[in-house]
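Participant: have a look at this prediction, sequence included:
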Amino acid sequence: MSKIGILYPGEMGVSIAASAINSGHEVFWVSENRSEKTSDRAQKHGLIDLKSLRDLCNVCEIVISICPPHIAEDIAKHVVASNFKGSYLDANAISPARSLKIEQLLIENNIHFIDGGIIGGPAWQPKSTWLYLSGKDSEIIANCFSKGPLEPKIIGSEIGKASALKMCYAAYSKGTTALLCAILGTAESLGVREELYQQWDMDEAGFSDQVNRRVARVTAKAWRFEGEMREIASTFHTADMPRGFHEAAADIYHRIADFKDAEQVPELKDVLQALLTK
């Protein structure tokens, strides 16, 4: 049985923690500066509160970082400052270059680094969410989820490979949703949205309704996807591919990021208004 610390148990993180508990491990978290909603979620799923990051780093032999991509490096620095000595999984949606940068920071402080990329939604059902791992210590992390439902998969010993897969996958899945947002916003601005729906539905029955639902529902995570699009743009640039599409996708998500704390899925008219307001 391993003692695993998770930073931080949001909707995805708590499902990862639940898979580790299901596999026979103890999972810890830090309640300091976290919301009541997060605390309720962690308590419901059996996570153990250690109050402070330093306490967590002293108790746990494995730390898993699942946070918004723009703070991934800051989280790693805080873990280093808390004198952690063990195995650290960065499972955030960051570019391979940032994974390598974090690895360098950690190995200089005698911490084993594993690169991770999560594909799928929160891991509550088998064969629905995959944790791709790369790095020579990947087996340590894979063993934490031996009984699922999270599906760990080691894809190599090279740091950055798991992040690269995540970037390429999300470039399509989340990038195309941003494109649909931009298309609807443009069609609304130019007065042809209904005509566009008619043409879409002639091509594929019900497609316009699918688009409307997809655009409205993505608003809840747009604040997080903005940073992910910028990580993808950076990844494309490193691979000598144009970065502009995903930089534009980041701008699209920025326009609808204020729906983050909405209690329900917003009306499409409100989403379109936000898209058309710079």
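Facilitator: Yep, that arrived.
Participant: give me the neighbour count for S15.
Facilitator: Neighbour count for S15, taken as other C-beta atoms under 10 Å: 24. Quick note: C-beta positions are derived from backbone N, CA and C, even for glycine.
Participant: pretty sure Y8 contacts I64?
Facilitator: No - in this structure Y8 lies outside contact range of I64 using C-beta atoms under 8 Å: 9.9 Å.
Participant: what's the end-to-end length of stretch 13-33?
Facilitator: Counting by C-alpha to C-alpha, to the nearest Å, you get 17 Å between the two ends of stretch 13-33.
Participant: hang on, I meant stretch 210-229
Facilitator: Stretch 210-229 stretches 22 Å from its first residue to its last (C-alpha to C-alpha).
Participant: what's in contact with that stretch?
Facilitator: Residues from elsewhere that reach stretch 210-229 (C-beta atoms under 8 Å, 6 or more residues apart in numbering): 68-70, 93, 170, 174-175, 177-178, 180-181, 184, 200, 246-247, 249-250, 253-254, 256-257, 259-260, 262, 265-268, 271.
Participant: where's E73, which helix or strand?
Facilitator: helix 72-81 (DSSP states H and E).
Participant: can you name the element that comes right after that helix?
Facilitator: Scanning onward from helix 72-81 (DSSP H and E), the first element met is strand 87-90.
Participant: L133 should be in a helix, yeah?
Facilitator: No - in this structure, L133 is strand, not part of a helix, as judged by DSSP: H, G, I helix; E, B strand; the rest coil.
Participant: that one - how many residues pack around it?
Facilitator: For L133, the neighbour count with other C-beta under 10 Å is 25.
Participant: for S52, see how far away it is.
Facilitator: As judged by C-beta to C-beta, to the nearest Å, L133 and S52 stand 28 Å apart.
Participant: what's the answer for K260, then?
Facilitator: K260 is 27 Å from S52, by C-beta to C-beta.
Participant: so where do the helices sit in the stretch 1-150 of the chain?
Facilitator: 11-22, 36-44, 53-59, 72-81, 96-107, 138-142 (DSSP state H, counting those that start in this stretch).
Participant: least reliable of the ones you listed by average pLDDT, please.
Facilitator: Among the helices of the stretch 1-150 of the chain, helix 36-44 has the lowest mean pLDDT, at a mean of 91.
Participant: quick one: contacts of the least confident helix or strand in the chain by mean pLDDT?
Facilitator: Between all helices and strands in the chain, the lowest mean by mean pLDDT, DSSP states H and E belongs to helix 36-44, at a mean of 91. Contacts with helix 36-44, where a contact means C-beta under 8 Å, 6+ apart, come from Y8, P9, G10, E11, V14, A17, W29, S31, D49.
Participant: mind redoing it with 7 Å?
Facilitator: Residues from elsewhere that reach helix 36-44 (C-beta atoms under 7 Å, 6 or more residues apart in numbering): Y8, P9, G10, V14, W29, S31, D49.
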